[in-house]
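In: sequence unknown, structure follows:
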């Protein structure tokens, strides 16, 4: 009985670091800058998320004439983010959001490899199941 109890205890303790490691690894994969460019014949829209180690984020939405380097900022948002299981929860600072300031928004998310080119991509699942995809610059 002592051996089986030790075995069960070992298995439980061995599982905890794996779960903690997986959560830390998921959080680490989100850190950094993610960019989405929508290049059109007249305008190019760029949306950028930057996730920092201290739990803060910045979102920037800009537009520029295609072929030009001058850009105009449409939205700049700062706030805090957190991870709850498979949800990315972002909470804009009051006065920073174009949408409801201080109200958290959550999205199912994942970081994966693009099957065609192999680049890392951040996939946010928006309401209605729409995929919002960002790449490393």
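Out: Looks like it came in fine. Small disclaimer: the values here were computed from a predicted structure and weren't measured. Numbering: from 1, shown residues only.
In: Residue 94 should be in a strand, yeah?
Out: No: secondary structure assignment (DSSP: H, G, I helix; E, B strand; the rest coil) places residue 94 in coil, not in a strand.
In: And it, how far from residue 82?
Out: Using CB to CB, to the nearest Å, residue 94 is found at 17 Å from residue 82. All C-beta atoms are positioned from the backbone trio N, CA, C, and that covers glycine.
In: Which residues are in contact with residue 107?
Out: Contact analysis of residue 107 by CB atoms under 8 Å, 6 or more residues apart in numbering lists 87, 88, 90, 124, 125, 126, 132.
In: which residues does the fifth one contact?
Out: The contact partners of residue 125, by CB under 8 Å, 6+ apart, come to 107, 108, 109, 131, 132.
In: Please apply the same query to the second one.
Out: Contact partners of residue 88, counting by CB under 8 Å, 6+ apart, are 30, 81, 82, 106, 107, 108, 109, 124.
In: Then the last one?
Out: Neighbouring residues of residue 132 by CB under 8 Å, 6+ apart: 36, 107, 123, 124, 125, 126.
In: looking at the sheet around it, what are its partners?
Out: Counting by DSSP bridges, residue 132 forms beta bridges with residue 124.
In: TSV please, covering the contacts of residue 125 and showing distance to residue 66 and pLDDT.
Out: As requested, those are exported to TSV (distance: CB to CB, whole Å; pLDDT from 0 to 100):
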residue	distance to residue 66	pLDDT
107	29	95
108	32	98
109	30	97
131	24	97
132	22	96
